Every structure is written in C-alpha cells, then in structure tokens.
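>>> Using only what follows, build the 3D model:
(2 chains, ligands or ions: 2)
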Amino acid sequence: MAAPLFALLAALILVLEGDQILATRWSPATLATIHLLALGFLTQIMCGALFQMLPVLAGSPVARALLVGRATQILLTLGTLFLCFGLYWGHQGLLVLGGLTLAVCVLLFGWAIGAALRRARGAQYTVMAMRFALIGLFVTLALGLFLIAGLLGAESVRFARSDFARWVDLHLAWGLLGWVGVLVMGVAYQVVPMFHVTPGYPRWLMRSAVPAVVAGLLIATLAMGLGMGVWAGFGLALTGVLVFALVTLDRQHRRERPRVDATLLYWWTAMTSAMLAALLWAWGGRAEPIGVLAFVGVGIALPSGMLFKIMPFLSWFHLQYRQLSGRRFDVRIPHMHAFIPERSALIQFGLYLVSLVLLLLAAIWPELAFSVWLVRLGGLATAGAIGFLWWLQLRCSAQYRSFSRRLA
Amino acid sequence: MSSRITDAFSQDHHRCDHRLAAAESAAKDSDWARMTGAAQDLVEAMERHFEQEESSLFPALSECFPASASPIEVMCSEHAQMRHLFEDLQESVRGQDRSAYLGILETLHFLVQQHNYKEESVLYPLADRALGARAGDFAERMADV
Ligand SMILES: [Fe+2]
Ligand SMILES: [Fe+2]
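Ligands and ions are numbered 1, 2, ... in the order given. The predicted model follows:
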C-alpha cells in the first residue's frame, strides 16, 4: 500500500523539475525519479508478489514470511528514500547509507525467498524464472553499489571515467531485463492464460526466453569486464524480451473471454511498450524515450493492471470464506466488480494512458519549446492516475472492512 | 506413472472454462435468452464435474490415502462457494441485471481458476498415484459424462 506513494513522489519531481528531467538522463532529478519508480514502486510490489505467490504457486511458503516481509519492506522503503535523496542532492553520506540499506534488504529478501525457491515444486518454468530474477536482482544491486563506489571516487574501483555510462547501462539492463523482465515472464506464464482463458505459452518459448535474457546479460557483463563490445549480449537479451512480448500479444489475441477490461488494456500497453523499448535500444536510440517506455509503459502499467483483479478477488475470497465458516448467510457478499467498478478502472487506465503519451512525446522531442510543459503535464497526469489508483485501492479495502464488520 | 485422472479431469476443467467464456460472450448484446441458456449450460457442466469429484473420485481417494482428507475438505468447501455463485448468477438472470451477471461471472472465473490450479497440481496427481490401476476407471467415467 506504500508503493503508490513512491510513484506519487516521482510524479511530483516530474512536475517540479520538468525542465531538468528529460533533457538528459544524467540529471539528479531523473536519477531520483527512476529509482523512486524502480525501487519504491516496482520492486516493492514485486517483492510483495513473490511472498504471496510462492505458497500458492509452488507449494512453498516463505519461512517467517510476516516478519521477513515486514523487515524487507521497511528496509526497502528507507533504502529507497536514502538513495533517491542522495542522488537528488548529490549527498555522499545518503548515497552510502542508501546503498548499504538496500544491500541488507536484498540479502535478507534473497535469503528468505531463495530458501523457499529451493523447496519449490511444480510450475517449473515460473519457478525457474523466479530463481533467475533473484539472481538478476543481486547483480543489479552489486552493480549499483559498484557505481556508488565509483561516484565517490573509490580508488579500488578502477574503471575509466569514460566507461561510467556503459556501467550504468549494464546496471540498467540487469535491473530492467534481468530482474523485472524475467519475473514478469515467469508470472505471465501463469496469469496470462488464467486471467483471460488464452492458450498456454508454447513450451519452446518458456524453455528459451528467460535463459536467452540471462545468457545475453551474462555475455554483455563478461564483454564489459574484458573491455569488449556489449551489443551481442544485449541483442540476445532484447530478442528474448521481444519474442516474449509478441507471443503474449498473440496469446491474448486468441483469448476466449471476450471482454476488454482495464487489466487487458494494461497488458497490451505494457507489451507494446516493451517491444518498442527493445527495438529502440537495439537501434541505439536515445535513452530518454526508452526510459519512459520501460518505467512508465511497463513498470507502472503491469502492477496497476494486476491490482485491479487481485485486490477485488482477495477481498471477495476472504469475506466469502468467513461467511462460510461463520455460517452467516444473512449477509450478502458483493461480487468483484462491486469492489472496484469496471468503469472506474477504465477511467483510471485512460488517465494513465494520457500520462504515458505526454511523457513519451516530451522524451522524443525534448528540444521543442513546450516539451517542458509536456513533462509537467505528464507528471500531473501520472500523479492523477496513481492517486486515482490509490483511491480505488483504499475504497476497496474500506468496503472489505465494512463487510468484515458485518460478518463479525 | 499414469496421469489419466489428471488429464481427464483437467480436460473437463477446460470444458467448463469454455462455457464460462461463452456465458460472457452471450452478454455482448444483452440477449437474455442466450444469456439464460449459456448460464444454464455453465452451471450444469460444473455441477456434473463436482458430482464426479464429490461422489466418486474424492471418496475413493480419501479411503486409500487418508492424509488427503483435509485438502479434499477445502476443495468441497470451495465447491460450496461456487454453488452460492451459481445461485447469484441465476438470480441475476431472472432479474436481467447485466452488471451483476458479468461481475458474478468474473468472480466465479477467478475462484474456479485458483481452485482448479490446486486440484490439477496437487490432488489429481495424488489420485493418479494412490489409485494406481483403478485410475483409468475414474478417467473414463469423467470423459463419458
Ligand atoms: Fe473441484
Ligand atoms: Fe475439479
């Protein structure tokens, strides 16, 4: 529930620092915004999802899930804030503190989830993807710490200044493709066929997409360490993402449930954004539009789309369970659409789409006189979309509580 | 090891998924005659499936593998939840309440999916192992209905 706050904070920076943000990816405001979204919003939600999904999916609950989950959440929240303000103000102490807090967080999380993943059975390809995603998270963290050390001018980090941007790209690639991308693939193998009754993913894809991404990233990292070009590695990883997105769109095109709901629209947006971002990246396009596509087009879209299904269902499910065990059939539990109305979800998606388009236009043509205003408006629309999403979540839980009281 | 029960019962889950999707498609132009028929088809298909589980497969399984009694109990309580939704669905059809009809189908869909996932990944494979040579009989009976 804290995740939307970080996205709101990121949107606020977009509004306030519109002129800085898209002109260059290296501005402090840009770096802070990206990390607020990547860690505070996306990673927060992804970690929570792993805690929730492992027991259901792989029959493997996380040991002391409540305690570890809470600790991870607090560490992640603090670490994100330290790091982002460190980046924003160029404050070295905060950067170090943020890096260390995040390191403790990822180690704790990795230890708990890693143990559960080792015991996991069933859902073979999803579990494999989750294992690789965890490795992706570790490498992203390690590269991040390495970059902080570089920023602080550590003697032991002997990469030439001219190479700095390439190490940042590597950190970004591991985070976006190795952590986010791989986990999305693993989760999609389960939820895409389930949500809209589509044919399952073909075996060849499940066998090859995640390994292609991870192998590509490893090749790129190795090449980087040896001072060679990274295009072959990145190319392989991006191909994996591209093919996955295409196959996902094809599955959804062949779905049986006819209705186009906000969740489906979010999936289409995310897969289209992922494909465009991969193509631009492979083409050597500018980083700013790629960033908007990846962080807003995929990173905000998928969690939003999933929330619209998961929250109402869990609310309904828990209430129904209590009704059954308490034999309270006098209370009538409302169906899922009463918890989050379909129309509200569609309006929320519309608002989100406006923000994506505005930010994308600004990122493509930063030299235009009014693109500063595009960023500001885009930030405002993002804040509106996230605020509305948050309000729908709050409304859903308020409704849950009110029925829960009536069942007591 | 055979997977005849898993295959046959999972197949029937898919048949029920198709019925649910068809019930949703029927709502496209609010043709209540079609919607009534599609809802009826769905409920009948699912009741037949529950019948096979509750009075044939599950009793046999818990008899030769007593540890399965508690997951079976969970499954049966979810059947009861689904039956409540069937009633709500039929009521929405009688009252020609389209948004309730769609909302209930959506709820039913998610309940069914997580239920089927548990059966297909835990209970059916267990039944295939525990019932050994008799697994074929259950699979055939499922395929016949
Ligand atoms: Fe069942
Ligand atoms: Fe079943």
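>>> and chain B, which of its residues are near chain A?
Listed as neighbours of chain A in chain B under the rule Cβ under 8 Å from any Cβ of the partner chain: B:17-18, B:20-21, B:24-25, B:28, B:77, B:80-81, B:84, B:88, B:99-100, B:102-104, B:106-107, B:109-111, B:113-114, B:117, B:121-122. In this view, the C-beta of every residue, glycine as well, is placed from N, C-alpha and C.
>>> Just the buried residues of those.
Burial by neighbour count, 16 or more other Cβ atoms under 10 Å in any protein chain shown: within the residues of chain B next to chain A this picks out B:17, B:20-21, B:24, B:81, B:84, B:88, B:100, B:102-104, B:106-107, B:109-111, B:113, B:117, B:121-122.
>>> what about the chain, any weak spots by pLDDT?
Since no chain was named, I'll use chain A. A:1, A:154-162 (pLDDT under 70).
>>> not quite, I wanted chain B
In chain B, residues with pLDDT under 70: B:1, B:145.
>>> As a quick check, tell me the outermost residue of chain A.
In chain A, A:D330 marks the outermost C-alpha relative to the chain mean, sitting 41.3 Å out by Cα atoms, centre = their mean.
>>> which SS state does that one fall under?
Taken by DSSP: H, G, I helix; E, B strand; the rest coil, the conformation at A:D330 corresponds to coil.
>>> Okay, it and ligand 1: tell me how far apart.
Distance, A:D330 to ligand 1, using Cβ to the ion, to the nearest Å: 27 Å.
>>> swap in A:V298?
Where ligand 1 is concerned, A:V298 sits at a distance of 36 Å (Cβ to the ion).
>>> Who are the contact partners of that residue?
Applying Cβ atoms under 8 Å, 6 or more residues apart in numbering or on different chains, we find A:V298 in contact with A:V180, A:V184, A:A270, A:S273, A:A274, A:A277.
>>> got it, and A:V375?
A:V375 makes contact with A:L14, A:G18, A:D19, A:I21, A:L22, A:L358, A:L359, A:A362, according to Cβ under 8 Å, 6+ apart.
>>> Output those residues as TSV; include the columns secondary structure.
Written out in TSV, the entries for these read as follows (three-state DSSP):
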residue	secondary structure
A:L14	helix
A:G18	helix
A:D19	helix
A:I21	helix
A:L22	coil
A:L358	helix
A:L359	helix
A:A362	helix
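>>> so which of those is the most crowded?
Ranked by neighbour count (other Cβ atoms under 10 Å in any protein chain shown), the contacts of A:V375 have A:I21 at the top, with 31 neighbours.
>>> Just list the residues touching it, thanks.
A:I13, A:L14, A:S27, A:A29, A:T30, A:T33, A:V375.
>>> Chain B against ligand 1: which residues are in contact?
On the criterion Cβ under 5 Å from the ion, ligand 1 has as its neighbours in chain B the residues B:E53, B:M75.
>>> all helices of chain B, in order?
Taking DSSP state H to define them, one finds helices in chain B at B:4-26, B:32-52, B:58-64, B:69-94, B:98-118, B:124-131, B:135-144.
>>> Same question for the stretch 201-350 of chain A.
For the stretch 201-350 of chain A, the helices identified by DSSP state H, counting those that start in this stretch occupy A:203-225, A:231-253, A:262-282, A:287-292, A:301-326, A:336-339, A:342-364, in order along the chain.
>>> closest to chain B out of those helices?
Comparison of these against chain B by Cβ to the nearest Cβ identifies helix A:336-339 as nearest, at 3.5 Å.
>>> That closest one: how far from the chain's middle?
Relative to its chain's centre, helix A:336-339 lies at 25 Å (Cα atoms, centre = their mean, to the nearest Å).
>>> Against A:S315, how distant is the residue nearest to the spatial centre of chain B?
For chain B, the residue sitting closest to the mean C-alpha position, by Cα atoms, centre = their mean, is B:M46 at 4.4 Å. Taking Cβ to Cβ, to the nearest Å as the measure, B:M46 and A:S315 are separated by 23 Å.
>>> Can you pull the domain assignment for chain A?
Taking automatic domain parsing as the criterion, chain A consists of the domains A:1-57+A:61-119, A:259-408.
>>> on that earlier part again, how about the residue farthest from the centre of chain A, phi and psi?
Dihedral pair for A:D330: phi -70, psi -30, per degrees, to the nearest 10.
>>> which residue packs closest to A:E17, ignoring adjacent ones?
Across the structure, with Cβ to Cβ, 6 or more residues apart in numbering or on different chains as the measure, the residue nearest A:E17 apart from its sequence neighbours is A:A29 (3.8 Å).
>>> Next, count neighbours for B:E73.
Other residues near B:E73 number 12, with proximity taken as other Cβ under 10 Å.
>>> So stretch A:252-263, near chain B or not?
Yes - judged by Cβ under 8 Å from any Cβ, stretch A:252-263 comes into contact with chain B through A:E256, A:R257, A:P258, A:R259.
>>> Contacts only, for the nearest residue to the last one once chain neighbours are set aside.
Distances taken as Cβ to Cβ, 6+ apart place B:E24 nearest to A:R259, at 6.1 Å, with adjacent residues excluded. Applying Cβ under 8 Å, 6+ apart, we find B:E24 in contact with A:R257, A:P258, A:R259, B:L102, B:L105.
>>> tell me which of these is nearest to ligand 1?
Closest approach between those and ligand 1, by Cβ to the ion: B:L105, at 18.0 Å.
>>> roughly how far apart are that closest one and A:E367?
As for B:L105, its distance to A:E367 is 51 Å (criterion: Cβ to Cβ).
>>> who's more crowded, those two?
Taking neighbours as other Cβ under 10 Å, B:L105 and A:E367 compare with B:L105 leading, 27 against 6.
>>> Surely that one and B:A23 touch.
Yes - applying Cβ atoms under 8 Å as the test, B:L105 and B:A23 come out as touching, 5.9 Å apart.
>>> For the closest residue to A:P61 other than its chain neighbours, give me its contacts.
If the residues on either side of it in the chain are set aside, A:P61 comes closest to A:P55, at 4.0 Å by Cβ to Cβ, 6+ apart. When contacts are counted by Cβ under 8 Å, 6+ apart, A:P55 touches A:P61, A:V62, A:A65.
>>> how would you label the second one: helix, strand or coil?
It refers to A:V62. Recorded secondary structure, A:V62: coil (three-state DSSP).
>>> for the nearest residue to it once chain neighbours are set aside, what are its contacts?
In space, not counting the residues next to it along the chain, A:V62 is nearest to A:A116; the distance is 4.5 Å by Cβ to Cβ, 6+ apart. Neighbour list for A:A116: A:L54, A:A58, A:S60, A:P61, A:V62, A:A63 [criterion: Cβ under 8 Å, 6+ apart].
>>> now B:A38
Contact partners of B:A38, counting by Cβ under 8 Å, 6+ apart, are B:R19, B:A22, B:A23, B:S25, B:A26.
>>> repeat that for 7 Å
If you count contacts by Cβ atoms under 7 Å, 6 or more residues apart in numbering or on different chains, B:A38 has them with B:A22, B:A23, B:A26.
>>> Among these, which one lies nearest to A:R401?
In terms of Cβ to Cβ, no member of these lies closer to A:R401 than B:A23, at 31.5 Å.
>>> Look up how far B:M46 lies from the closest one.
Counting by Cβ to Cβ, the separation of B:A23 from B:M46 is 11 Å.
>>> distance of A:F109 from A:Q73?
A:F109 sits at a distance of 10 Å from A:Q73 (criterion: Cβ to Cβ).
>>> of the two, who's got more company?
Between A:F109 and A:Q73, counted using other Cβ under 10 Å, A:F109 has the larger neighbour count: 24 against 19.
>>> With adjacent residues omitted, what lies nearest to that one?
Ranked by Cβ to Cβ, 6+ apart and with sequence neighbours excluded, the top spatial neighbour of A:F109 is A:T72, at 4.7 Å.
>>> which SS class is A:R121?
Under three-state DSSP, A:R121 falls in the coil class.
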